[in-house]
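[1] the sequence isn't on hand, but the structure is:
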Ligand SMILES: C[C@@]1(CC(=O)O)c2cc3[nH]c(cc4nc(cc5[nH]c(cc(n2)[C@H]1CCC(=O)O)[C@@](C)(CC(=O)O)[C@@H]5CCC(=O)O)C(CC(=O)O)=C4CCC(=O)O)c(CCC(=O)O)c3CC(=O)O
Ligand SMILES: NC(=O)C1=CN([C@@H]2O[C@H](COP(=O)(O)OP(=O)(O)OC[C@H]3O[C@@H](n4cnc5c(N)ncnc54)[C@H](O)[C@@H]3O)[C@@H](O)[C@H]2O)C=CC1
């Protein structure tokens, strides 16, 4: 059996986090910007979780987990320090629910990979639970290799590709351009801006011909 990496949109989806400790906080911090409807079930929670609840970013139900808390959950993150509670929560999950069992790599049906995000670029590293620490180490190496400048670079690549699509340049030439943009010098803002200006001119010329 092998695991398949996917990117997932959680906007408006109900995500239930069981437990409110260090691990629940870490998983939540990666979920806050997803637009998901986040609910934490835990009698006690880390200060940051309490703050997020006060700010209205999440719901915090200050109580022990009960099976009804799993109702309608699209995803569950199970992260209490009590194996019996974790097992109860897993059992309560709907068969179609995405379940992250943080305390047992073999249980559940999704893992969170270590994640480098640079704007539109995402690099996820997974060891399938063999060594989360190696995943973290590789993430740190990738963070150094793909520094913050990649965020702007991805915006450039996106815009340049959209503009190219609007020109009348033949497909194989378009692909040559796109490949060219992957060369090192295009990481520089000046060249990015100059290229976008030229592409905009090409698009305008096409409009003039129409
Ligand atoms: C299966 C998985 C399920 C899941 O959580 O999704 C899982 C499971 C478990 N982790 C455990 C321990 C640790 N996990 C970390 C760190 C991270 N763990 C993450 C993911 C995953 N951990 C998923 C597989 C990822 C993969 O390998 O592909 C990362 C990558 C992402 C994230 O957490 O978002 C994040 C790095 C964050 C970053 O990038 O900075 C550290 C180090 C640290 O905290 O610094 C330790 C202590 C050292 C050690 O034990 O190795 C234990 C034992 C618990 C116990 O002792 O009871 C289990 C349970 C088990 O092994 O059964
Ligand atoms: N996946 C990962 O990356 C890692 C997972 N772990 C595992 O995650 C588990 C949790 O670790 P931490 O967050 O550090 O523990 P923690 O002690 O900081 O937090 C445990 C939380 O569970 C809550 N809890 C206890 N009983 C509950 C109940 N009946 N209903 C709802 N909530 C309840 C507590 O209120 C507390 O907020 C550990 O047992 C460990 O096995 C540990 C390290 C890394």
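    Thanks, I have the structure now. Quick caveat, the model's predicted, so the values are computed rather than measured. Ligands and ions are numbered 1, 2, ... in the order given.

[2] in stretch 96-116, what's buried?
    97-103, 108, 110-114, 116 (16 or more other CB atoms under 10 Å). From N, CA and C alone the C-beta is placed, and that goes for glycine too.

[3] scratch that, stretch 114-124 is what I was asking about
    For stretch 114-124, using 16+ other CB under 10 Å, the buried residues are 114, 116, 118, 123, 124.

[4] can it be found next to ligand 1?
    Yes: among the residues of stretch 114-124, residue 114 lie within reach of ligand 1 under CB under 6 Å from any ligand atom.

[5] ok, residues contacting the longest helix anywhere in the chain?
    Ranked by residue count under DSSP state H, the longest helix found in the chain is helix 189-209. With contact meaning CB atoms under 8 Å, 6 or more residues apart in numbering, helix 189-209 is reached by 152-153, 156, 159-160, 163-164, 166-169, 181, 185-186.

[6] 7 Å instead?
    Contacts to helix 189-209, defined as CB atoms under 7 Å, 6 or more residues apart in numbering, come from residues 152, 156, 159, 160, 163, 164, 166, 167, 168, 185, 186.

[7] can you lay out those as JSON lines showing pLDDT, secondary structure and neighbour count?
    Output for the contacts of helix 189-209, formatted as JSON lines (pLDDT from 0 to 100; DSSP: H, G, I helix; E, B strand; the rest coil; neighbours: other CB atoms under 10 Å):
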{"residue": "152", "pLDDT": "98", "secondary structure": "helix", "neighbour count": "14"}
{"residue": "156", "pLDDT": "98", "secondary structure": "helix", "neighbour count": "19"}
{"residue": "159", "pLDDT": "98", "secondary structure": "helix", "neighbour count": "15"}
{"residue": "160", "pLDDT": "98", "secondary structure": "helix", "neighbour count": "19"}
{"residue": "163", "pLDDT": "97", "secondary structure": "helix", "neighbour count": "18"}
{"residue": "164", "pLDDT": "96", "secondary structure": "helix", "neighbour count": "18"}
{"residue": "166", "pLDDT": "93", "secondary structure": "helix", "neighbour count": "14"}
{"residue": "167", "pLDDT": "91", "secondary structure": "coil", "neighbour count": "18"}
{"residue": "168", "pLDDT": "87", "secondary structure": "coil", "neighbour count": "11"}
{"residue": "185", "pLDDT": "97", "secondary structure": "helix", "neighbour count": "10"}
{"residue": "186", "pLDDT": "98", "secondary structure": "helix", "neighbour count": "16"}
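
[8] interface residues of this protein facing ligand 1?
    Proximity of the chain to ligand 1, by CB under 6 Å from any ligand atom, involves residues 26-27, 30, 100, 102-105, 111-114, 126-129, 132-133, 135-136, 139.

[9] in this protein, which spans are strands?
    Secondary structure of the chain by DSSP state E: the strands cover 14-18, 37-41, 59-61, 75-78, 98-101, 114-118, 121-125.

[10] the last one - what's its average pLDDT?
    Per-region confidence: strand 121-125 scores 97 on mean pLDDT.
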